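Trainee: Kindly return the folded structure for what I paste below:
(one chain, ligands or ions: 1)
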Amino acid sequence: MDADRSFDSQSSGRTEPDKDGIHIIPDFSVAHTVSKGLRRNGDLLVFHECITIILECKPAPSRSEYNRDNRNHELRQSLDEAHKQLLLYLAVYFTKEPAAKSVIAVASSGSYWHWMKVEKHEVPSLYFMKRYGSARLSDLANVPVDDHEDYIRYFGLMDRWASLGSVYNLGKPESDQALMRMRAGDLISVLQECRCQLPASRKA
Ligand SMILES: [Zn+2]
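Mentor: Numbers count the residues shown, from 1 in each chain. Here you go, the predicted model:
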């Protein structure tokens, strides 16, 4: 896994062999860019780029009507997988972009989704996520004292995901309202925290 390369592409999730480990790409990410048109050829000169939204998609739970409990359980498991993977992406992102302060993380399973805004200080280190990101809970119980701050951050974020409560279903009115809230609240907040503007001498 390479923090310098992991967000080079915004194409859908795939895991590729890499001589240094596993090269992982999130399913979807939304960038904020600050750019200026060049009068001569109409090209854009990009001065700044950061990520505002990182999305991890997992398969939909079973549609079986006979198994509603199982379906809810599958949905929670699927979202939990997305949450864990998002923690790794967040660790990579904040390592690659040390000036970034926050980002919106979206976990989805089929058409079900939920989100939260994550601050940089809440995210475990990339070292910790590389070492323990795929570990079982029983392995995490033996984390050395030196890694306890990361351990607390890891479970802090997993607890925040678990306490979100609401999971939205795309196309339903509640989902539309949630998208509006995400856009008007957390997305604007992430952009305000970025504070990147065109350099003064380059403004039109
Ligand atoms: Zn930005």
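Trainee: I'd like to know how many residues surround the residue lying closest to residue 38 once chain neighbours are set aside.
Mentor: Once flanking residues are discounted, residue 38 sits nearest to residue 45: 5.7 Å by Cβ to Cβ, 6 or more residues apart in numbering. For glycine as for every other residue, the C-beta is placed from the backbone atoms N, C-alpha and C. Residue 45 has 11 neighbours, counted by other Cβ atoms under 10 Å.
Trainee: Just confirm residue 45 contacts residue 34, I think it does.
Mentor: No: between residue 45 and residue 34 there is no contact, the gap being 9.9 Å when judged by Cβ atoms under 8 Å.
Trainee: biggest helix in the chain, by residue count?
Mentor: helix 68-96 (DSSP state H).
Trainee: Okay, buried residues for that helix please.
Mentor: 71, 74-75, 78-80, 82-96 (16 or more other Cβ atoms under 10 Å).
Trainee: swap in stretch 58-65?
Mentor: Here stretch 58-65 shows 58, 61 as buried, counting by 16+ other Cβ under 10 Å.
Trainee: can you give me how far that stretch is from the chain middle?
Mentor: Chain-centre distance of stretch 58-65: 23 Å, with Cα atoms, centre = their mean, to the nearest Å.
Trainee: Could I get the CA-only coordinates of it as PDB?
Mentor: Output of stretch 58-65 as PDB, limited to C-alpha atoms (Å, rounded to 0.1, in the frame of the first residue of the first chain):
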ATOM      1  CA  LYS A  58     -20.400  -3.200  -0.500                       C
ATOM      2  CA  PRO A  59     -22.900  -5.700  -2.000                       C
ATOM      3  CA  ALA A  60     -26.600  -5.400  -1.100                       C
ATOM      4  CA  PRO A  61     -28.100  -7.700   1.600                       C
ATOM      5  CA  SER A  62     -30.300 -10.600   0.600                       C
ATOM      6  CA  ARG A  63     -33.700  -9.700  -0.800                       C
ATOM      7  CA  SER A  64     -35.400 -12.700   0.800                       C
ATOM      8  CA  GLU A  65     -38.700 -11.800   2.500                       C
END
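Trainee: Touching it from outside, list them.
Mentor: 70-72, 74-75, 78-79, 81-82, 107-112 (Cβ atoms under 8 Å, 6 or more residues apart in numbering).
Trainee: Can you tell me which of the residues you listed is closest to the ion?
Mentor: Nearest to the ion out of those is residue 107 (Cβ to the ion; 22.4 Å).
Trainee: Now do the same contact list for the nearest residue to that closest one once chain neighbours are set aside.
Mentor: With sequence-adjacent residues excluded and distances taken as Cβ to Cβ, 6+ apart, residue 107 is closest to residue 82, at 3.7 Å. Each residue near residue 82 by Cβ under 8 Å, 6+ apart is listed here: 56, 57, 58, 107, 108, 109.
Trainee: residue contacts, the fourth one?
Mentor: In this structure, residue 107 makes contact with 55, 56, 58, 79, 82, 83, 86, 113, 114, 115, 161, judged by Cβ under 8 Å, 6+ apart.
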